[in-house]
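> pasting the sequence and the predicted model now:
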Amino acid sequence: MKPVIRHALSVLGVLSGMLLSQSCFAVALPSYNADPNQVTVSGISSGGAMAVQAHVAYSGTFKGAAVFAGAAYYCAEGNVALAVERCMEPVSSLQIPVDQLAATTRNWASLGLIDDLANLTNSKVYLFSGTLDQTVRQPTMDALRDYYLKFVDPNNIVYNNGTAAGHGWISLMGPIACPLQQSPFINNCNIDPQQTFLSMFYGQLNSRQTGQLSGQFIPVDQSEFFDDRNPAVHSVDTNGWLYVPAACAQGESCKVHVSYHGCNQSYSKIGDQFIRKSGINEWADTNRMIVLYPQAIVTAVSNNLGCWDWFGYDDPDYARKSGRQMLMTKRMVDRITAGYAPVSAPQSVTAKASETSVKLSWDAVNGATGYHVYRNGVLMNTTRTTSASYHDGGLTRRTTYTYTVRAVAANGNLGPYSKPVSVTTR
């Protein structure tokens, strides 16, 4: 975080070329069958502070937070000097006014500027602070722990402050040795904090993917989630990135995790290294979890290393729900979860054929308000059937047809496809 404030570098000309090449293949952010009640967040450095802001301000959305070298909520109070001296380089956690910050939090909640703080009580929090971190020193993270203790059940907080790590995101895929502090700031300490915090958030996990990932990394347009549709003005990249496991792309019910990179870790700085080496995707792949990687960019003077806004360089309301960078993320999460259908795929689909018709039946799906039936991928019933059966007539003799069925949830969204069943008319 510190270099963004103390050193001004103008790299806008180079950056423009980078953004041009990226923006050519970005797509509109899709919606998925993703549960809005299973959304969590993580981040490192400025992204760690951002994760705290998102978790507190939108506690109704983010049910847990993993914070690496972050800072207490609203620690900088919109003041650049406080950001460095108080929130990054304290000798003691007592230098950070936790009680005052907690009081501000309560006041903002009472005014509706952030979500109801009761949401935080049962939330899960994972904190990491390396003993060798000289950029965000441990007293800062000690203060964050003390801040969370004002609102979160102590049994729901895990704090790793005993690992000899430098300043960085900790991942088994990290190319940097644990004690060091150098780009791309992804350190391998022979521990797997992603397993720890994702297990806290979502319970027992399936084993991580150790082979090729099943899903895709998708560049998505962040522009539409700003009112002025001009993310660069707010030090945000045109593109964010999404990792979507194959099961999620196929309509299975999935969870959502948002992970904020730190300073010097954006796509414009290190390419896709943080996106691919975070250690999150391997767990997401086998546990039906969509991962959103929002992206900041460099802007001259105010944000020369591509950090997130944790001290007000873009927006005086940066820590509130109306803060532009946070609101962008919330809108992206809302888009991802807009396709949520709390129904499962129909099971035991059977087909019986006559000369010119097929009778389909399947097990009723709990919570379904109806079903859509597809023949060879084409929707057959524009008016959804409410029974667990369907008669398809007017077919050609001695022809093979393939059917799939989807349940319709109470919110109108479609659940995942059933396994296909093929049948040949007589």
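The structure has been received and is ready for your questions. Numbering: from 1, shown residues only.
> quick one: the strands in the stretch 1-150 of the chain?
Using DSSP state E, counting those that start in this stretch, the strands of the stretch 1-150 of the chain run over residues 34-44, 62-68, 124-128.
> the stretch 201-350 of the chain now?
216-221, 239-244, 254-260, 289-293, 350-353.
> quick one: strands adjacent to the second one?
By that I understand strand 239-244. Strands that pair with strand 239-244, judged by DSSP bridges, come out as strand 216-221 (antiparallel), strand 289-293 (antiparallel).
> quick one, the last one and strand 34-44 angle?
Direction vectors for strand 289-293 and strand 34-44, defined by axes from the mean of the first three to the mean of the last three CA atoms, to 10 degrees, enclose an angle of 50 degrees.
> list the buried residues for stretch 349-357?
Buried residues in stretch 349-357, counting neighbours by 16 or more other CB atoms under 10 Å, are found at Val349, Ala351, Ala353. Heads up, the C-betas are built off the backbone N, CA and C, glycines and all.
> can you tell me how far Pro342 is from Leu205?
For Pro342, the distance to Leu205 (CB to CB, to the nearest Å) stands at 21 Å.
> ugh, wrong one, Glu355
Glu355 is 51 Å from Leu205, by CB to CB.
> same deal with Lys330?
Taking CB to CB, one finds Lys330 at 26 Å from Leu205.
> cool, Phe226 as well?
On the measure of CB to CB, Phe226 and Leu205 end up 35 Å apart.
> what of Ala368?
In terms of CB to CB, Ala368 sits 28 Å off from Leu205.
> more neighbours: the two, which one.
Set side by side, Ala368 and Leu205 show more neighbours around Ala368, with 21 against 16, by other CB atoms under 10 Å.
> so the more buried one makes contact with Ala407?
Yes: using CB atoms under 8 Å, Ala368 is in contact with Ala407, at 3.9 Å.
> quick one, phi/psi of Thr356?
Main-chain torsions, Thr356, degrees, to the nearest 10: phi -130, psi 20.
> gap between the two ends of stretch 223-230?
6 Å (CA to CA, to the nearest Å).
> buried sites along it?
Buried, per 16+ other CB under 10 Å, within stretch 223-230: Ser223, Phe225, Phe226.
> can you pull the pLDDT of the second one?
Yep, that's Phe225 we're talking about. Phe225 is assigned a pLDDT of 98 by the prediction.
> which residues does it contact?
Leu29, Leu327, Met328, Arg331, Met332, Arg335 (CB atoms under 8 Å, 6 or more residues apart in numbering).
> buried residues, stretch 321-333. List them.
Lys321, Gly323, Arg324, Gln325, Met326, Leu327, Met328, Thr329, Lys330, Met332, Val333.
> can you tell me which of the residues you listed are in helices?
Cross-referencing the buried residues of stretch 321-333 against helices under DSSP state H gives Arg324, Gln325, Met326, Leu327, Met328, Thr329, Lys330, Met332, Val333.
> reformat those as TSV; add pLDDT and distance to Gly262.
Formatted as TSV, these follow (pLDDT from 0 to 100; distance: CB to CB, whole Å):
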residue	pLDDT	distance to Gly262
Arg324	98	19
Gln325	98	14
Met326	97	16
Leu327	98	21
Met328	98	18
Thr329	98	16
Lys330	98	20
Met332	98	19
Val333	98	20
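> okay, and the helix or strand of this structure with the least pLDDT?
Lowest by mean pLDDT, DSSP states H and E among the helices and strands of the chain is helix 12-23, with a mean of 35.
> quick revisit: and the contacts of Phe225, which two are the farthest apart?
Taking CB to CB as the measure, those span a maximum distance of 14.5 Å, between Leu29 and Leu327.
> contact partners for the residue nearest the centre of the chain?
Nearest residue to the geometric centre of the chain (CA atoms, centre = their mean): Val258, 1.7 Å. Counting by CB under 8 Å, 6+ apart, Val258 makes contact with 39-42, 51, 54, 62, 291-294, 329, 333.
> can you rerun that using 10 Å?
39-43, 47, 50-51, 54-55, 61-62, 65, 240, 290-294, 329-330, 332-333, 336 (CB atoms under 10 Å, 6 or more residues apart in numbering).
> also Gly377?
Thr402, Tyr403, Thr404, Tyr417, Pro420.
> can you count the residues close to the last one?
Going back to what we said before, that points to Pro420. There are 13 residues near Pro420, going by other CB under 10 Å.
> measure it to Ser361 for me?
15 Å.
> ok, Arg106 next?
Counting by CB to CB, the gap from Arg106 to Ser361 is 57 Å.
> without its sequence neighbours, what residue ends up closest to Trp108?
Ile114 (4.8 Å; CB to CB, 6 or more residues apart in numbering).
> hang on, isn't Tyr401 packed against Gly394?
No: judged on CB atoms under 10 Å, Tyr401 makes no contact with Gly394 at a distance of 11.5 Å.
> who's more crowded, those two?
Tyr401 (17 against 6).
> shaky segments in the protein?
Scanning the chain for pLDDT under 70 picks out 1-24, 301.
> pull out the buried positions in stretch 147-165.
Result for stretch 147-165 [16+ other CB under 10 Å]: buried residues Tyr147, Tyr148, Lys150, Phe151, Val152, Asn156, Ile157, Val158, Tyr159, Asn160, Thr163, Ala165.
> I meant stretch 38-54, not that one.
Taking 16+ other CB under 10 Å as the criterion, stretch 38-54 shows 38-54 as buried.
> got the contact list for the residue nearest to Thr385 when sequence neighbours are not counted?
Nearest non-adjacent residue to Thr385, counting by CB to CB, 6+ apart: Tyr371, 5.3 Å away. Residues in contact with Tyr371 (CB under 10 Å, 6+ apart) are 343, 346, 360, 362, 364-365, 381, 384-390, 405-408, 414-415, 418.
> ranges for the helices of the chain?
Under DSSP H, the chain gives helices at 2-6, 12-23, 46-57, 80-85, 98-110, 138-148, 193-202, 246-249, 267-270, 273-277, 281-286, 324-336.
> which one of those helices is the most hemmed in?
helix 46-57 (a mean of 30; mean count of other CB atoms under 10 Å).
> just the angle between that helix and helix 324-336, please?
Using the same axes, to 10 degrees: helix 46-57 against helix 324-336 is 70 degrees.
> redo the helices of the chain as TSV? Include distance to Leu180.
Output for the helices of the chain, formatted as TSV (distance: least, CB to CB, whole Å):
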stretch	distance to Leu180
helix 2-6	17
helix 12-23	26
helix 46-57	19
helix 80-85	22
helix 98-110	31
helix 138-148	17
helix 193-202	17
helix 246-249	35
helix 267-270	15
helix 273-277	15
helix 281-286	23
helix 324-336	29
